[in-house]
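**Student:** Structure for the following, please:
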Amino acid sequence: MKVVAPAIGDRVYDGAVGAAGFLAETFQYLKKSKNLTTKDAEKLQRSTFYGKEKRSLAYIIGTMNMILHGIEAPNIMHTNTLAENLADIQEKDRYNIILANPPFGGKERAEVQQNFPIKTGETAFLFLQHFIKILKAGGRAGVVIKNTFLSNTDNASVSLRKLLLESANLHTVLDLPGGTFTGAGVKTVVLFFEKGVPTRSVWFYQLNLDRNLGKTNPLNENDLAEFVRLQKTKADSENSWSVNVADVDTTTYDLSVKNPHKKDETALRDPQKILAEMKRLDEESAEILSAVRELI
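**Tutor:** Sure thing, here's the model as predicted:
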(Lines give C-alpha, C1' and ligand atoms only; values in the text may rest on other atoms or scores of the structure.)
Protein backbone atom coordinates (compact mmCIF):
# COMPACT_ATOMS: atom_id res chain seq x y z
CA MET A 1 0.00 0.00 0.00
CA LYS A 2 2.77 2.45 0.96
CA VAL A 3 4.50 2.11 -2.40
CA VAL A 4 1.31 2.83 -4.36
CA ALA A 5 0.14 5.31 -1.70
CA PRO A 6 -3.68 5.39 -2.07
CA ALA A 7 -5.41 8.38 -0.47
CA ILE A 8 -8.92 9.43 0.50
CA GLY A 9 -10.69 10.47 -2.69
CA ASP A 10 -8.92 8.00 -4.97
CA ARG A 11 -10.92 5.46 -6.97
CA VAL A 12 -9.33 2.05 -6.38
CA TYR A 13 -9.84 -0.77 -8.87
CA ASP A 14 -9.14 -4.48 -9.33
CA GLY A 15 -10.24 -6.08 -12.59
CA ALA A 16 -9.91 -9.64 -11.25
CA VAL A 17 -10.89 -9.36 -7.61
CA GLY A 18 -10.85 -13.04 -6.63
CA ALA A 19 -11.35 -12.95 -2.86
CA ALA A 20 -11.01 -9.12 -2.96
CA GLY A 21 -8.01 -9.20 -0.64
CA PHE A 22 -6.34 -6.13 -2.18
CA LEU A 23 -9.50 -4.03 -1.94
CA ALA A 24 -10.26 -5.13 1.62
CA GLU A 25 -6.70 -4.41 2.77
CA THR A 26 -6.74 -0.99 1.10
CA PHE A 27 -9.96 -0.20 2.95
CA GLN A 28 -8.31 -1.12 6.26
CA TYR A 29 -5.26 0.99 5.31
CA LEU A 30 -7.32 4.08 4.45
CA LYS A 31 -9.51 3.70 7.54
CA LYS A 32 -6.41 4.43 9.62
CA SER A 33 -6.00 7.84 7.95
CA LYS A 34 -5.78 10.68 10.45
CA ASN A 35 -8.68 13.13 10.78
CA LEU A 36 -11.11 10.88 8.87
CA THR A 37 -14.34 12.88 8.55
CA THR A 38 -17.88 11.57 8.22
CA LYS A 39 -17.80 12.60 4.55
CA ASP A 40 -14.54 10.66 4.08
CA ALA A 41 -16.05 7.59 5.71
CA GLU A 42 -19.05 7.79 3.38
CA LYS A 43 -16.74 8.16 0.40
CA LEU A 44 -14.83 5.03 1.45
CA GLN A 45 -18.07 3.12 1.67
CA ARG A 46 -19.70 4.25 -1.56
CA SER A 47 -17.26 5.61 -4.14
CA THR A 48 -13.75 4.33 -3.52
CA PHE A 49 -13.54 0.60 -4.24
CA TYR A 50 -14.48 -1.02 -7.54
CA GLY A 51 -13.89 -4.46 -8.99
CA LYS A 52 -14.91 -7.06 -11.53
CA GLU A 53 -14.85 -10.84 -11.36
CA LYS A 54 -15.69 -13.42 -14.01
CA ARG A 55 -16.00 -16.57 -11.88
CA SER A 56 -19.27 -16.98 -10.00
CA LEU A 57 -17.83 -18.47 -6.80
CA ALA A 58 -14.99 -15.94 -6.61
CA TYR A 59 -17.51 -13.12 -7.16
CA ILE A 60 -19.56 -14.31 -4.19
CA ILE A 61 -16.50 -14.84 -1.96
CA GLY A 62 -15.03 -11.45 -2.90
CA THR A 63 -18.29 -9.64 -2.18
CA MET A 64 -18.67 -11.41 1.17
CA ASN A 65 -15.06 -10.65 2.11
CA MET A 66 -15.53 -6.94 1.50
CA ILE A 67 -18.73 -6.90 3.54
CA LEU A 68 -17.02 -8.75 6.39
CA HIS A 69 -14.23 -6.16 6.32
CA GLY A 70 -16.75 -3.35 6.72
CA ILE A 71 -17.59 -2.26 3.16
CA GLU A 72 -21.37 -2.33 3.28
CA ALA A 73 -22.15 -2.01 -0.45
CA PRO A 74 -19.24 -3.38 -2.55
CA ASN A 75 -19.03 -2.06 -6.11
CA ILE A 76 -18.13 -5.42 -7.65
CA MET A 77 -19.55 -6.48 -10.99
CA HIS A 78 -20.01 -10.09 -12.05
CA THR A 79 -18.55 -9.86 -15.56
CA ASN A 80 -15.64 -10.85 -17.77
CA THR A 81 -13.36 -7.82 -17.62
CA LEU A 82 -11.49 -8.87 -20.75
CA ALA A 83 -14.64 -9.00 -22.85
CA GLU A 84 -14.92 -5.21 -22.59
CA ASN A 85 -13.61 -3.31 -25.62
CA LEU A 86 -10.70 -1.05 -24.69
CA ALA A 87 -11.89 1.46 -27.30
CA ASP A 88 -15.07 1.99 -25.27
CA ILE A 89 -13.24 3.11 -22.11
CA GLN A 90 -13.86 6.81 -21.43
CA GLU A 91 -12.35 9.19 -18.89
CA LYS A 92 -15.23 8.66 -16.46
CA ASP A 93 -14.43 4.94 -16.44
CA ARG A 94 -10.82 5.39 -15.32
CA TYR A 95 -9.30 4.93 -11.85
CA ASN A 96 -6.58 6.54 -9.73
CA ILE A 97 -5.25 3.32 -8.22
CA ILE A 98 -5.06 -0.24 -9.53
CA LEU A 99 -4.09 -3.12 -7.26
CA ALA A 100 -4.37 -6.51 -8.92
CA ASN A 101 -3.15 -10.08 -9.08
CA PRO A 102 -4.65 -11.26 -12.39
CA PRO A 103 -4.82 -14.99 -13.19
CA PHE A 104 -1.81 -16.53 -14.95
CA GLY A 105 -1.74 -18.95 -17.83
CA GLY A 106 -5.40 -18.76 -18.80
CA LYS A 107 -6.44 -18.77 -22.42
CA GLU A 108 -9.00 -16.34 -23.77
CA ARG A 109 -11.01 -16.90 -26.94
CA ALA A 110 -9.91 -15.30 -30.21
CA GLU A 111 -12.89 -12.91 -30.18
CA VAL A 112 -11.83 -11.62 -26.74
CA GLN A 113 -8.27 -11.09 -27.94
CA GLN A 114 -9.63 -8.84 -30.69
CA ASN A 115 -10.42 -6.25 -28.00
CA PHE A 116 -6.68 -5.66 -27.47
CA PRO A 117 -3.99 -4.07 -29.65
CA ILE A 118 -1.49 -6.75 -28.59
CA LYS A 119 -3.03 -10.14 -29.39
CA THR A 120 -2.16 -12.94 -26.99
CA GLY A 121 -3.90 -15.87 -25.34
CA GLU A 122 -2.13 -15.21 -22.04
CA THR A 123 -4.77 -13.88 -19.68
CA ALA A 124 -2.37 -11.91 -17.47
CA PHE A 125 -0.98 -10.03 -20.49
CA LEU A 126 -4.48 -9.03 -21.58
CA PHE A 127 -5.22 -7.81 -18.07
CA LEU A 128 -2.06 -5.70 -18.06
CA GLN A 129 -3.17 -3.99 -21.27
CA HIS A 130 -6.58 -3.39 -19.68
CA PHE A 131 -4.98 -1.88 -16.56
CA ILE A 132 -2.76 0.48 -18.56
CA LYS A 133 -5.78 1.67 -20.55
CA ILE A 134 -8.18 2.11 -17.63
CA LEU A 135 -5.71 3.97 -15.38
CA LYS A 136 -6.05 7.75 -15.20
CA ALA A 137 -3.15 9.94 -16.30
CA GLY A 138 -0.99 10.20 -13.20
CA GLY A 139 -2.69 7.11 -11.77
CA ARG A 140 -0.62 4.50 -9.92
CA ALA A 141 -0.66 0.72 -10.12
CA GLY A 142 0.74 -2.33 -8.39
CA VAL A 143 0.24 -5.47 -10.48
CA VAL A 144 1.43 -9.00 -9.70
CA ILE A 145 2.56 -10.93 -12.76
CA LYS A 146 4.72 -14.00 -13.42
CA ASN A 147 8.40 -13.13 -13.61
CA THR A 148 8.83 -14.59 -17.09
CA PHE A 149 6.94 -11.54 -18.39
CA LEU A 150 10.18 -9.60 -17.94
CA SER A 151 12.19 -11.81 -20.28
CA ASN A 152 9.92 -13.80 -22.64
CA THR A 153 10.98 -13.33 -26.26
CA ASP A 154 7.64 -13.93 -28.00
CA ASN A 155 6.22 -10.97 -29.92
CA ALA A 156 3.40 -10.29 -27.45
CA SER A 157 5.72 -10.11 -24.44
CA VAL A 158 8.21 -7.83 -26.20
CA SER A 159 5.43 -5.55 -27.48
CA LEU A 160 3.79 -5.38 -24.06
CA ARG A 161 7.03 -4.46 -22.29
CA LYS A 162 7.59 -1.74 -24.91
CA LEU A 163 4.03 -0.45 -24.37
CA LEU A 164 4.47 -0.37 -20.61
CA LEU A 165 7.82 1.44 -20.74
CA GLU A 166 6.57 4.02 -23.24
CA SER A 167 3.15 4.77 -21.74
CA ALA A 168 3.99 4.59 -18.04
CA ASN A 169 6.81 5.08 -15.58
CA LEU A 170 7.68 1.56 -14.45
CA HIS A 171 9.62 2.88 -11.48
CA THR A 172 9.82 -0.28 -9.34
CA VAL A 173 9.95 -4.05 -9.82
CA LEU A 174 9.70 -6.23 -6.72
CA ASP A 175 11.05 -9.73 -7.33
CA LEU A 176 9.29 -12.18 -4.98
CA PRO A 177 10.52 -15.60 -3.85
CA GLY A 178 8.75 -18.79 -4.92
CA GLY A 179 5.73 -19.72 -2.82
CA THR A 180 4.63 -16.13 -2.16
CA PHE A 181 1.31 -16.78 -3.89
CA THR A 182 0.13 -20.29 -3.08
CA GLY A 183 -1.02 -22.15 -6.17
CA ALA A 184 0.55 -19.73 -8.65
CA GLY A 185 3.00 -22.42 -9.74
CA VAL A 186 5.53 -19.82 -10.92
CA LYS A 187 7.71 -17.11 -9.43
CA THR A 188 6.16 -13.67 -9.50
CA VAL A 189 7.11 -10.01 -9.58
CA VAL A 190 5.13 -6.90 -8.70
CA LEU A 191 5.17 -4.10 -11.26
CA PHE A 192 4.72 -0.62 -9.77
CA PHE A 193 4.05 2.04 -12.37
CA GLU A 194 2.55 5.47 -12.90
CA LYS A 195 0.74 6.28 -16.11
CA GLY A 196 1.52 9.31 -18.22
CA VAL A 197 5.29 9.60 -18.60
CA PRO A 198 7.73 7.12 -20.17
CA THR A 199 10.09 5.10 -18.02
CA ARG A 200 13.62 6.44 -17.64
CA SER A 201 14.92 4.16 -14.92
CA VAL A 202 13.63 0.98 -13.24
CA TRP A 203 14.53 0.21 -9.63
CA PHE A 204 14.67 -3.51 -8.85
CA TYR A 205 14.44 -5.12 -5.43
CA GLN A 206 15.04 -8.84 -5.00
CA LEU A 207 13.37 -10.19 -1.86
CA ASN A 208 15.64 -12.87 -0.42
CA LEU A 209 14.37 -14.71 2.64
CA ASP A 210 16.00 -17.38 4.80
CA ARG A 211 12.87 -19.53 4.85
CA ASN A 212 10.44 -21.19 2.44
CA LEU A 213 7.06 -19.53 1.98
CA GLY A 214 3.73 -21.33 1.92
CA LYS A 215 0.23 -21.46 3.41
CA THR A 216 1.52 -21.95 6.95
CA ASN A 217 4.44 -19.57 6.50
CA PRO A 218 3.20 -16.59 4.46
CA LEU A 219 4.93 -13.35 3.55
CA ASN A 220 4.55 -10.68 6.24
CA GLU A 221 5.14 -6.94 6.66
CA ASN A 222 8.48 -7.45 8.39
CA ASP A 223 9.74 -9.31 5.32
CA LEU A 224 9.07 -6.21 3.24
CA ALA A 225 10.43 -3.63 5.68
CA GLU A 226 13.74 -3.14 3.87
CA PHE A 227 11.99 -2.93 0.50
CA VAL A 228 9.61 -0.22 1.73
CA ARG A 229 12.48 1.72 3.32
CA LEU A 230 14.84 1.58 0.34
CA GLN A 231 12.09 2.21 -2.23
CA LYS A 232 11.55 5.72 -0.91
CA THR A 233 14.92 6.79 -2.31
CA LYS A 234 15.44 3.84 -4.69
CA ALA A 235 18.79 3.21 -3.06
CA ASP A 236 21.26 0.56 -4.14
CA SER A 237 21.94 -2.30 -1.75
CA GLU A 238 22.88 -5.97 -1.79
CA ASN A 239 19.28 -6.67 -2.86
CA SER A 240 18.50 -3.60 -4.99
CA TRP A 241 19.78 -1.87 -8.09
CA SER A 242 18.64 0.42 -10.91
CA VAL A 243 18.55 -0.08 -14.67
CA ASN A 244 18.67 2.83 -17.10
CA VAL A 245 16.09 2.24 -19.83
CA ALA A 246 18.43 3.87 -22.35
CA ASP A 247 20.69 0.84 -21.84
CA VAL A 248 17.90 -1.70 -22.49
CA ASP A 249 18.07 -3.56 -25.82
CA THR A 250 15.18 -2.17 -27.87
CA THR A 251 14.92 -5.35 -29.95
CA THR A 252 13.88 -7.40 -26.92
CA TYR A 253 13.12 -4.89 -24.13
CA ASP A 254 14.49 -7.55 -21.78
CA LEU A 255 13.96 -6.53 -18.14
CA SER A 256 15.16 -9.76 -16.52
CA VAL A 257 15.92 -9.65 -12.82
CA LYS A 258 19.72 -9.87 -12.75
CA ASN A 259 21.16 -8.75 -9.43
CA PRO A 260 24.58 -7.24 -10.23
CA HIS A 261 25.61 -7.46 -6.58
CA LYS A 262 25.28 -11.24 -6.38
CA LYS A 263 27.78 -13.47 -8.09
CA ASP A 264 27.15 -17.06 -9.09
CA GLU A 265 28.19 -18.96 -6.00
CA THR A 266 28.06 -22.35 -7.64
CA ALA A 267 31.62 -23.69 -7.69
CA LEU A 268 32.61 -25.50 -10.85
CA ARG A 269 33.81 -29.04 -10.14
CA ASP A 270 37.21 -30.21 -11.29
CA PRO A 271 36.86 -32.30 -14.51
CA GLN A 272 39.17 -35.01 -13.16
CA LYS A 273 37.00 -35.41 -10.06
CA ILE A 274 33.90 -35.67 -12.25
CA LEU A 275 35.52 -38.41 -14.37
CA ALA A 276 36.67 -40.27 -11.24
CA GLU A 277 33.14 -40.19 -9.81
CA MET A 278 31.70 -41.40 -13.13
CA LYS A 279 34.16 -44.32 -13.09
CA ARG A 280 33.24 -45.18 -9.51
CA LEU A 281 29.51 -45.11 -10.30
CA ASP A 282 30.09 -47.32 -13.37
CA GLU A 283 31.96 -49.85 -11.23
CA GLU A 284 29.16 -49.86 -8.65
CA SER A 285 26.60 -50.40 -11.41
CA ALA A 286 28.64 -53.29 -12.82
CA GLU A 287 28.83 -54.94 -9.39
CA ILE A 288 25.08 -54.62 -8.87
CA LEU A 289 24.36 -56.00 -12.35
CA SER A 290 26.70 -58.95 -11.70
CA ALA A 291 24.93 -59.72 -8.42
CA VAL A 292 21.53 -59.61 -10.14
CA ARG A 293 22.74 -62.05 -12.81
CA GLU A 294 23.85 -64.55 -10.16
CA LEU A 295 20.37 -64.49 -8.66
CA ILE A 296 18.68 -65.32 -12.00
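**Student:** which stretches of the stretch 101-250 of the chain have low pLDDT?
**Tutor:** 182-185 (pLDDT under 70).
**Student:** Would you map the helices across it?
**Tutor:** 110-113, 123-134, 155-167, 225-231 (DSSP state H, counting those that start in this stretch).
**Student:** Is Gly51 located within a helix, as I assumed?
**Tutor:** No. Read with DSSP: H, G, I helix; E, B strand; the rest coil, Gly51 is strand and lies in no helix.
**Student:** count of residues packed around it?
**Tutor:** By other Cβ atoms under 10 Å, 25 other residues sit near Gly51. (Each C-beta comes from the backbone N, C-alpha and C, glycine too.)
**Student:** my read: it touches Ala20, true?
**Tutor:** Yes. If you go by Cβ atoms under 8 Å, Gly51 and Ala20 touch, sitting 6.3 Å apart.
**Student:** check contacts around Gln28.
**Tutor:** For Gln28, the contact set (Cβ atoms under 8 Å, 6 or more residues apart in numbering) comprises His69.
**Student:** any idea how far it is from Gly21?
**Tutor:** Remark: distance between Gln28 and Gly21 (Cβ to Cβ, to the nearest Å) = 11 Å.
**Student:** Over to Gln113?
**Tutor:** 28 Å.
**Student:** cool, and Phe131?
**Tutor:** Phe131 is 17 Å from Gly21, by Cβ to Cβ.
**Student:** Compare neighbour counts for the two and give me the winner.
**Tutor:** Set side by side, Phe131 and Gly21 show more neighbours around Phe131, with 27 against 16, by other Cβ under 10 Å.
**Student:** which residue packs closest to the more buried one, ignoring adjacent ones?
**Tutor:** Ile98 (5.1 Å; Cβ to Cβ, 6 or more residues apart in numbering).
**Student:** Please apply the same query to Gly179.
**Tutor:** Leu213 (3.6 Å).
**Student:** beta partners of the most centrally placed residue in the chain?
**Tutor:** Nearest residue to the geometric centre of the chain (Cα atoms, centre = their mean): Val144, 1.4 Å. Beta-bridge pairing of Val144 under DSSP bridges involves Val190.
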